[in-house]
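Novice: A structural model of the following input is requested.
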Amino acid sequence: MKVRRLLAGFVATAMTVGMIPNLVFAEESANEPTETAVVETSETEAKETAKPKVKETAKPSEKEPVETEASESSETTEKEPGETKQPEPSESSETAETEPEQTESAKTSDPSETEKESEQTEATEPSEPAETAPEEPAGSEDKAPAEAGEGEVQAEEPELPSESDKKPAKAAVDEGTLDSLTWTFNDETNVLVISGKGAMPDYSDAGDYPWYKYHSQITKVTIGKGVTSVGDMAFNDYKAITSVTLPAGLTRIGNYAFKNCSELKAVSIPSGVTLIGSKAFDCCYSLAKIVIPKTVTKIGDYAFQSCTDLASVSIASGVKEIGCGAFNYCSALKSISIPGSVSLIGSEAFQNCYRLRTVTIASGVKEIGDLAFHSSTCLGTVSIPGTVTRIGESAFEDCKYLDTISIGYGVKEIGDSAFLGLEYLSGIVIPGSVEVIGEDAFMYCYNLRKVSIGYGVKEIRSNAFFNCFKMTSVIIPDSVENIEDNAFIHCSGLKTVSLTEELHSKINADVFSGCISLTPEGFIHLQDNPFAVTGRTATLKAKKLKKKAQSVAAGKVLSITPSGTGLDCIKLSGNKNISINKANGTVTVKKKTKKGTYSVKIKIMSTGSANYKASDWKTVVFKIKVK
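Specialist: Reported below is the predicted structural model:
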């Protein structure tokens, strides 16, 4: 009986302090991969006693019904369903203190029970376990390496695949065909090579070309011999290209072919190319030099527009047309020579070439288009040959530093605003070949003092000389049939005007509106011209003619009265080495003309003066003696 009592007391005590539940908890914890907390024994007991107790009964085979003391102890652990009753920590410790002898007796009397108690105690007492690594997934054979210094060999970590292993290696060369052509791109050198025979097809979108996928990589383009054209849009917007090689035998560079190739620094256009298409090299900002061969018939519209680094342009004789805006905004260009083979300088061709100082237009050019040199502000001197028939609207507008202009006899029309805003122009001679002086033609030429209007001009349009306030006198020849209102408005310095009485009677008073210095007495009516002319003989030395051509003034080969009148001359016959200037009668003898006396027959007239009208035509012969 005593043994049974001790056993019952032990069970009650164990249940009270949570020893038995702790055994279950310890077994469950051993299976979990989480880190075991290290705490003091008293803290563990407090936590374990705070857990809800589950009603337990002794196994019938091990325990008999117990006495009242054991029953009372077990009753303290009973719970009603749904309730959680936490035993007082003081009660647990008190129970453990009151029955030490019983526990000790139980241990000594029953060895099996002693073993159980020992296992329970070890489960209850906390220990300081080493940190445990998370469990490896099932089936993994790798284990966590031991800490360094413990004498264990650490397992090598598996090598991760590199980016090159993950992605297949990119081919160094890509190639394909386009019609009869073959293309190859090397992504190591970034060079595109196009070979084969025939023309490259034209597309309206650069993205239609098969090599477009490399447009941001290609730095050099080599087009092989046999390719006859570069297609429209072929390399449009290829901003990485720095150089292009074009083959002999190429005949055409298409529209937009190299537009926006902003890093393109050099390109050689081979002889044989006949057409450079519209905007072919537009916005090639880095292009510094270009040579146009003689085989090119047309430089397309805006072909080299906005090539802001383009400082050197050579146009060979043979080129027939410079298209609209061809060199617009080529702000680094300082000089240009236009050969006589060019029939048309297109509108806006050299507009906004801010640094352009010198323009040479060879005899043979027929038309200077509208706005051709507009706002080329540094331009200083221009000579327009007599082969030009029309100077277009605003052709030289706002070329503010242009101070010298020579207009050859043969020009028929000076377009509206052609020379507007030339602030430094001091004088102008308008030849008798000109029929119309356009509206606003010399408007705001503030420093214009001397104006000579040749016999043959028929019409002066409104505002033609608006605000030319330094002009003091003007001779309007009797060939002029109409002067529009305000033609000389605000020419405040104008004091004398020579014109025919007939013309004066029919023009509107507004023609000279604002000419505050002009009085009625300042109008001079032209009289009939008593023009007379006879031929003379001029002598030249053959020794000088061996070195260069010689010029002879009109006064040495002709005797003219009254003096100071304008002339109009036409050669009728004579030695081919001798020529005469139509506008002023100057005679030129070519280099290496042999010794001898040469007769020249001409037709000549006086174009008038400040007092006289133009004369009738007269025929005269003069002589040139070379000795």
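Novice: show me what contacts residue 215?
Specialist: Counting by Cβ atoms under 8 Å, 6 or more residues apart in numbering, residue 215 touches 206, 235, 237, 238, 240. Using the backbone N, CA and C atoms, a C-beta is placed for each residue, glycine as well.
Novice: mind redoing it with 10 Å?
Specialist: Residues in contact with residue 215 (Cβ atoms under 10 Å, 6 or more residues apart in numbering) are 192, 206, 207, 209, 235, 236, 237, 238, 239, 240, 241.
Novice: each with direction, which strands does the helix or strand hosting residue 195 pair with?
Specialist: With elements taken from DSSP states H and E, the one containing residue 195 is strand 191-196. Using DSSP bridges, strand 191-196 pairs in its sheet with strand 181-186 (antiparallel), strand 220-223 (parallel).
Novice: so for it, what gets flagged as buried?
Specialist: Residues 191, 192, 193, 194, 196 are the ones in strand 191-196 that count as buried (16 or more other Cβ atoms under 10 Å).
Novice: other residues contacting it?
Specialist: Contact with strand 191-196 is made by 174-175, 177-186, 200, 211, 214-215, 217-227, 230, 234-235, 238, 241, 243-245, 247, as judged by Cβ under 10 Å, 6+ apart.
Novice: what do you get if the cut-off is 8 Å, keeping everything else the same?
Specialist: Looking at what lies outside strand 191-196 - Cβ under 8 Å, 6+ apart - the contacts are 180-185, 200, 211, 214, 218-224, 226-227.
Novice: now do the next helix or strand after that strand: which elements does it pack against?
Specialist: Next helix or strand after strand 191-196 toward the C-terminus (DSSP H and E): strand 198-199. Packing partners of strand 198-199 (3 or more Cβ pairs under 8 Å, 6 or more residues apart in numbering; DSSP states H and E): strand 227-230.
Novice: okay, now the sheet partners of the strand it packs on, with direction.
Specialist: If you go by DSSP bridges, strand 227-230 pairs up with strand 198-199 (parallel), strand 252-253 (parallel).
Novice: residue 510 is nearest to which of those strands?
Specialist: Residue 510 lies closest to strand 252-253 among these, at 53.6 Å (Cβ to Cβ).
Novice: mean confidence score for the next helix or strand after that closest one?
Specialist: Per DSSP H and E, strand 252-253 leads on to strand 266-267 as the next helix or strand towards the C-terminus. The pLDDT scores in strand 266-267 average 92.
Novice: ok, now stretch 586-596?
Specialist: Taken as a whole, stretch 586-596 carries a mean pLDDT of 92.
Novice: let's see it as CSV, backbone CA atoms only.
Specialist: Extracted in CSV, the C-alpha atoms of stretch 586-596 (Å, rounded to 0.1, in the frame of the first residue of the first chain):
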residue,chain,number,x,y,z
THR,A,586,35.9,98.1,-122.9
VAL,A,587,37.9,96.1,-125.5
THR,A,588,39.9,92.9,-124.5
VAL,A,589,42.6,91.4,-126.6
LYS,A,590,43.5,87.8,-125.8
LYS,A,591,46.9,86.5,-124.8
LYS,A,592,49.4,85.6,-127.5
THR,A,593,47.5,87.5,-130.3
LYS,A,594,50.0,87.9,-133.1
LYS,A,595,51.3,91.1,-134.5
GLY,A,596,49.1,92.9,-137.0
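Novice: what comes up buried for that stretch?
Specialist: For stretch 586-596, by 16+ other Cβ under 10 Å, it's 586, 587, 589, 593.
Novice: got the contact list for the closest residue to residue 272 other than its chain neighbours?
Specialist: If the residues on either side of it in the chain are set aside, residue 272 comes closest to residue 295, at 5.5 Å by Cβ to Cβ, 6 or more residues apart in numbering. Applying Cβ under 8 Å, 6+ apart, we find residue 295 in contact with 271, 272, 273, 274, 318.
Novice: scan those and report the most crowded one.
Specialist: Within the contacts of residue 295, residue 273 tops the neighbour count with 21 neighbours, counted by other Cβ atoms under 10 Å.
Novice: so that one versus residue 299, what's the distance?
Specialist: 11 Å (Cβ to Cβ, to the nearest Å).
Novice: before we move on, what about residue 200?
Specialist: With Cβ to Cβ as the criterion, residue 200 and residue 299 are 20 Å apart.
Novice: again with residue 600
Specialist: Distance, residue 600 to residue 299, by Cβ to Cβ: 41 Å.
Novice: and what of residue 227?
Specialist: From residue 227 to residue 299 the distance is 21 Å (Cβ to Cβ).
Novice: comparing these two, which residue is more hemmed in?
Specialist: Per other Cβ under 10 Å, whichever of residue 227 and residue 299 has more neighbours is residue 299, with 27 against 22.
Novice: ok, the more buried one touching residue 291?
Specialist: No - at 12.0 Å, residue 299 does not count as touching residue 291 under the criterion of Cβ atoms under 8 Å.
Novice: from residue 620, how far out is the nearest residue to residue 554 once chain neighbours are set aside?
Specialist: Of all residues not flanking residue 554 in the chain, residue 585 sits nearest, at 3.0 Å (Cβ to Cβ, 6+ apart). Noted for residue 585: a distance of 10 Å to residue 620, by Cβ to Cβ.
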